[in-house]
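Participant: model the following, please.
(chains A and B)
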2 protein chains.
Amino acid sequence: MNPYEFVDANRKEFIEELKELLRIPSVSTLSEHKCDIRRTAEWLRAHLESIGMSRVALYETPGNPIVYAEWLEAGDAPTVLIYGHYDVQPADDADNLWLSDPFEPDVRDGNLYARGATDDKGQTITQIKAIQSLLATGQMPVNVKFIIEGEEEIGSRNLPLYLRNHAAELACDYLVISDTSKLDAQTPALAYATRGLVYKEIILTGPNRDLHSGQYGGAVANPANVLAAILNSLRDHQGRVTIPGFYDDVVPLTPEERQRLGTHGLSDADLVAKTGCPSPSGETGYTTAERCTARPTLDVNGLCAGYTGEGAATVIPTTATAKLSMRLVGNQNPDAISLAFDEAVRQVCPPTVKLTIRNHSHCAAYLAPTDSPGMRAAAQALADSFGRPPVLTREGGTLPILPLFKEVLGADSLMLGFSVPDCNLHSPNEFFHVADFVAGTRCILRFIERLGHM
Amino acid sequence: MNPYEFVDANRKEFIEELKELLRIPSVSTLSEHKCDIRRTAEWLRAHLESIGMSRVALYETPGNPIVYAEWLEAGDAPTVLIYGHYDVQPADDADNLWLSDPFEPDVRDGNLYARGATDDKGQTITQIKAIQSLLATGQMPVNVKFIIEGEEEIGSRNLPLYLRNHAAELACDYLVISDTSKLDAQTPALAYATRGLVYKEIILTGPNRDLHSGQYGGAVANPANVLAAILNSLRDHQGRVTIPGFYDDVVPLTPEERQRLGTHGLSDADLVAKTGCPSPSGETGYTTAERCTARPTLDVNGLCAGYTGEGAATVIPTTATAKLSMRLVGNQNPDAISLAFDEAVRQVCPPTVKLTIRNHSHCAAYLAPTDSPGMRAAAQALADSFGRPPVLTREGGTLPILPLFKEVLGADSLMLGFSVPDCNLHSPNEFFHVADFVAGTRCILRFIERLGHM
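Facilitator: Prediction:
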C-alpha cells in the first residue's frame, strides 16, 4: 500500500480523530479552559506516539505546554519541521448564531463545523495524517519534527523562549505551516507574506465610581468621551494612521505585486458580498486587495464603558476601555511602533483622567523570497493536489512564528494552507471542507516526497 | 388653638401616622409590590378624607393609581396644588447594610430611619399635616388640591396624560413640591432650576458578523473606529457641544447667579474630594458649580463594541453602540435638540456603516423666576422655619414634572424640601431628621398662610 492509498483507506478514521480533538474546548484566551488546554496537549502527545513518531514530549512553559515530536531516521535527508497550534478562539454564543454546538463537531453539506475545525486543529491533523501515512507505509523520505503550541491565539507568548532554548533540537531545512487558506474554493494559494501585530489596551479612569450625570455632568472629565477623542486622533480622514513615524519602514509594493493583487486579490464586490458591509473603506490610494494584505492598519477591537444594559442609565463611567491593534507590514518594527503608539496616546490624553496602556501581543510582519527551492516544491505539491497552480499571496493576518522561525532557526516557512477564505475563522460556524481536509493531507504528503527527492 | 399649636400638640401622633405609611413597602420598580402600591394609595385616600379634605378620589392609570384630594372653600383666595409621591425605591439588603428593617421605621438619635422616610412619604406627610393643622383649626386661607402619584421612581410615566386630561380640575396658582433637600443641615435651599435630558443611543453596524481583523482589517469601515469619530465630533477641545444651534436657547447666567454659585455652589476641592477625579474638567469659561448645574452637557453613558473579555481578540466588531445623554438648561427645546443631534450625527457618519439612533428619555429643563410672589413667600417661610434665609439653588439633575406642570397648568413649582443632602436617598439607611419633619410641617403652614395674605 502506498501512502496515498493509506489516506484513502483511513479517511473516515482520520475525520473521527479530528472530531475527538475538536470536542476539547481548548480556548486559550479564557483561563477557565486551562484544564482543556492540558487535555488537548495530552491528546496530541498520545496521538503522535501512536502514529510512530520516535520521540514525543510535552515541554512546559509559564503558560500552555508545547507538544514536540520527532522521527529522525532518514539519515542525511533534509529535515522538515512542522508547526501547528492546538488552541482555539472563544466561541461565545450569546446571540445564538452557531447552528450546532461549537464543541460538538457536525458534518453538514460536506463541511465539518466546529470551533477549530480549520484554525488550526483541522489543518494540524492534515499534517499529522500525512506523516502517519508515510510512516505507516514505510516510505518516509525525510527527517520530521513537530511542534504544536497552545498559545497561538494569544500571541504565542511562550514560544520565543522555547525556540531559543531548543534551537539545536529544532534545527531544520524546511518549515511547514498549515494555518492559512486557499485563494478560493478551487484555487490553491502559497503565501509569502503576513502582517505583524501590535495589540494594545487603553484604560482610562476618571471618578472613583460611576457618577450621576445630573449631579456631576459637565464638571468632570468623562473617560468615555476622552477615549473617543484619543481613538479618533489615531487615524486621519484618509484612513491613514497618524502616529509619527508609523509608515517609515513599510516596504512599498512592487509593480508585479500590485498586478498580482489586482488579478487575484479580493475585489470590492467580493468584499461587500463576504462581509455585508455597505461598501469598501480604507486608506486612500490603495485597492481593497492591497489594503487588507499589504498595508498597515489600526483597528479598534473592543470598547467598554459605563452602562451597557437595556434602556438608559445616566452615569458618568468610572472607566472606559478600548482594545485595539495595529497590523504591520514589511520592515515595520513592532517595538518602535509600540513605543510610538504609547507616546501618541500620552500626547493626546488630558491629565483629567488616569491613563493605563496594557500591552497584549506584539509581533513583526514576515516577507519571504518567492523563488526558493522550498517554495517551488510547495507550489508543485499544491498544483498536483488541487489541479491548478497556486497563486502567490500576501496574508492579511499575523503569524508571529514566521519572523521568529526565520530569526531563530534561519529557515523560511512554507505556508501550505487548505481552508477556504469564508470558513468563518474566529466567528460562529467555523468550518473545514471535508474534501479539502483530504486533499490537504495528500498535499503535505506530496510536498514531503518532493523534498525527499531534491 | 392656632395651627402651630395644633402641630405641637399632635407631633407624636403625626410621627406615628408617618410610621404607619412607611410600613407599607410601596416599591414601584418591582411588580411583586402591586398590592402594596394599592394599599398605600388607599391609605392616603382614607387619610386625606379623615383630615377634612372635601373630595378625595383615586384616579386609575395603566400603571399605579393617582391620589387626588381637594378643599375649595376659600372662595376667591388663591389655589395651591400640592404634589408628592407615595412610591419608594427598592430596599434590597443583600449586603446587610440597613441597621434596621427598611419597612419597620425606627427612631435613633433624632432621626427616623426607613425606606421613604424622606423620599417622599416623609415630605408628603409634612404637606398633609400642615393642611390638616389649618383645616382642624378652621384657619385655611387658600383653596388646596393634592396629587400624590405612585410612579415617580419609574419616570412618572402615566402622569402627563392624567395631567392633560384633568387640567381644568387641577387648575392652580401655585404648585408646591417637597422632594428636594436643604443645602446642608443648617441652611435651607430653594431650587429654581433643574436641567433637562435628551438621552440617545447610537448603533453602528458594519459587517454582518465580527470579522477577523487580519483578514479584512484596513479594507472595511470599523464601526468602533467610526463611533469614536462621531462621538469626538460632538464636542470640541474646549468642552463645548458642537451640534449646530445647541446653545441658541441657553439662558445666560446673570451676574447675581454667578456670584451665588461662586459662594454656595460646589467648589473644585469638594468636587475632587467627592468624586476622586484628578481635577475638575469642563467647558472653558465656567466654574465647577456653573458647569454641573447651569450649563448643558453631552456625556457618553455607555460604550460597547467587539471583544470586551479578558485578554485580546482581533475582531472587527459587527456593531458599536454608545448610550449618551445631553443635560439641557434654560429654554433649550428637547425636540429641537433631539433633531439637531440626529442631524449632526448623520452628517458625520460615513455611508460605510449603517446608522441607527434610538431615543430614550427626553425632557425639558426648568427655570423659574426667582422674584415671583410665590418664591418670595416660600423664601420667607423657609427663613422663618429654619432660622436663616434659604440659598437659591440650581439642580443639576432632571425633574420631568416641573416643565410638565409649567406647560399643562401654567404654574411654577415651589420646591420646599426639608431633607439633608446625606439622608441616604435611594440607599440603605434612608432617614428623615425628626426636627426637620416638624420644621417642614411648620414651613408649609407658614407658606400657605403667606399666600392667604397676599
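
Participant: on the three-state scheme, whichever residue of the stretch 1-150 of chain A sits closest to chain B is what?
Facilitator: Closest approach of the stretch 1-150 of chain A to chain B (C-beta to the nearest C-beta) occurs at A:T29, with a separation of 4.4 Å. The C-beta positions use only the backbone N, C-alpha and C, and glycine is treated the same way. State at A:T29, reduced to three classes by DSSP: H, G, I helix; E, B strand; the rest coil: coil.

Participant: that one contacts A:E152, correct?
Facilitator: No. Using C-beta atoms under 8 Å, A:T29 makes no contact with A:E152, being 11.1 Å away.

Participant: quick check, pLDDT for the nearest residue to the residue of the stretch 1-150 of chain A closest to chain B once chain neighbours are set aside.
Facilitator: Leaving aside its sequence neighbours, A:T29 sits nearest to B:G311 (C-beta to C-beta, 6 or more residues apart in numbering or on different chains; 4.4 Å). At B:G311, the predicted lDDT confidence score is 90.

Participant: A:V345 and B:R235: what is the separation?
Facilitator: From A:V345 over to B:R235 the distance is 19 Å, taken as C-beta to C-beta, to the nearest Å.

Participant: likewise for A:G75?
Facilitator: From A:G75 over to B:R235 (counting by C-beta to C-beta), the distance is 72 Å.

Participant: returning to what we had before: A:T29 and A:E152: who's more crowded?
Facilitator: Ranked by neighbour count (other C-beta atoms under 10 Å in any protein chain shown), A:T29 and A:E152 place A:E152 first, with 27 against 18.

Participant: isn't that one right next to A:D87, touching?
Facilitator: Yes. Using C-beta under 8 Å, A:E152 makes contact with A:D87 at a distance of 5.9 Å.

Participant: what do those two both touch?
Facilitator: Common neighbours of A:E152 and A:D87, counting by C-beta atoms under 8 Å, 6 or more residues apart in numbering or on different chains, are A:S28.

Participant: quick one, what contacts the residue nearest to A:T29?
Facilitator: B:G311 sits next to A:29-30, A:154, A:360 when contact means C-beta under 8 Å, 6+ apart.

Participant: over to A:A340?
Facilitator: By C-beta under 8 Å, 6+ apart, A:A340 lies in contact with A:243-246.

Participant: neighbour-wise, which of A:G75 and B:R235 wins?
Facilitator: A side-by-side neighbour count of A:G75 and B:R235, using other C-beta under 10 Å, places B:R235 first with 21 against 7.

Participant: list the contacts for the more buried one?
Facilitator: By C-beta under 8 Å, 6+ apart, the contact list for B:R235 reads A:225, B:241-242, B:298.

Participant: bridging residues for it?
Facilitator: Assessed by DSSP bridges, B:R235 has beta-bridge partners B:V241.

Participant: separation between A:P278 and A:A381?
Facilitator: Counting by C-beta to C-beta, the separation of A:P278 from A:A381 is 40 Å.

Participant: sorry, that was for A:R394
Facilitator: The gap separating A:R394 from A:A381 is 20 Å, by C-beta to C-beta.

Participant: now do the same for whichever residue of the stretch 351-454 of chain A sits closest to chain B: its pLDDT.
Facilitator: Of all residues in the stretch 351-454 of chain A, A:G397 sits closest to chain B, at 2.7 Å by C-beta to the nearest C-beta. A:G397 carries a pLDDT score of 89 in this model.

Participant: wait, isn't it in contact with B:L211?
Facilitator: No. At 11.3 Å, A:G397 does not count as touching B:L211 under the criterion of C-beta under 8 Å.

Participant: that older thread, of A:P278 and A:A381, which one has the most company?
Facilitator: Shown here are A:P278 and A:A381; by other C-beta under 10 Å, A:A381 has more neighbours (25 against 17).

Participant: what about A:V226, how many residues nearby?
Facilitator: A:V226, neighbours per other C-beta under 10 Å, totals 23.

Participant: from A:P373, how far off is it?
Facilitator: Distance of A:V226 to A:P373, given as C-beta to C-beta: 55 Å.

Participant: can you check A:G75 too?
Facilitator: In this view, A:G75 and A:P373 are 20 Å apart by C-beta to C-beta.

Participant: need phi/psi at the nearest residue to A:A74 once chain neighbours are set aside.
Facilitator: Sequence neighbours aside, A:N143 is the residue nearest to A:A74 in space, at 4.7 Å (criterion: C-beta to C-beta, 6+ apart). For A:N143, the backbone dihedrals (degrees, to the nearest 10) come out as phi -80, psi 140.

Participant: surely A:L298 touches A:G239?
Facilitator: No. Using C-beta under 8 Å, A:L298 is not in contact with A:G239, being 9.4 Å away.

Participant: which one's more surrounded, the two?
Facilitator: Counting neighbours by other C-beta under 10 Å for A:L298 and for A:G239 shows that A:L298 has the greater number, 25 against 20.

Participant: pairing partners for the helix or strand hosting that one, with directions?
Facilitator: Assigned by DSSP states H and E, A:L298 belongs to strand A:297-306. Strand A:297-306 has the following sheet partners, assigned by DSSP bridges: strand A:319-328 (antiparallel), strand B:297-306 (antiparallel).

Participant: and the helix or strand following it, what does it pack onto?
Facilitator: Downstream of strand A:297-306, the first helix or strand assigned by DSSP H and E is strand A:315-316. Where contact means 3 or more C-beta pairs under 8 Å, 6 or more residues apart in numbering or on different chains; DSSP states H and E, strand A:315-316 is packed against strand A:211-212, helix A:213-216, strand B:297-306.

Participant: so which of the ones you listed is nearest A:D270?
Facilitator: For the helices and strands packed on strand A:315-316, proximity to A:D270 was assessed by C-beta to C-beta; strand B:297-306 is nearest, at 23.4 Å.

Participant: chain center to the closest one, what's the gap?
Facilitator: 23 Å (C-alpha atoms, centre = their mean, to the nearest Å).

Participant: can you give me the buried ones in it?
Facilitator: Using 16 or more other C-beta atoms under 10 Å in any protein chain shown as the test for burial, strand B:297-306 gives B:297-306.
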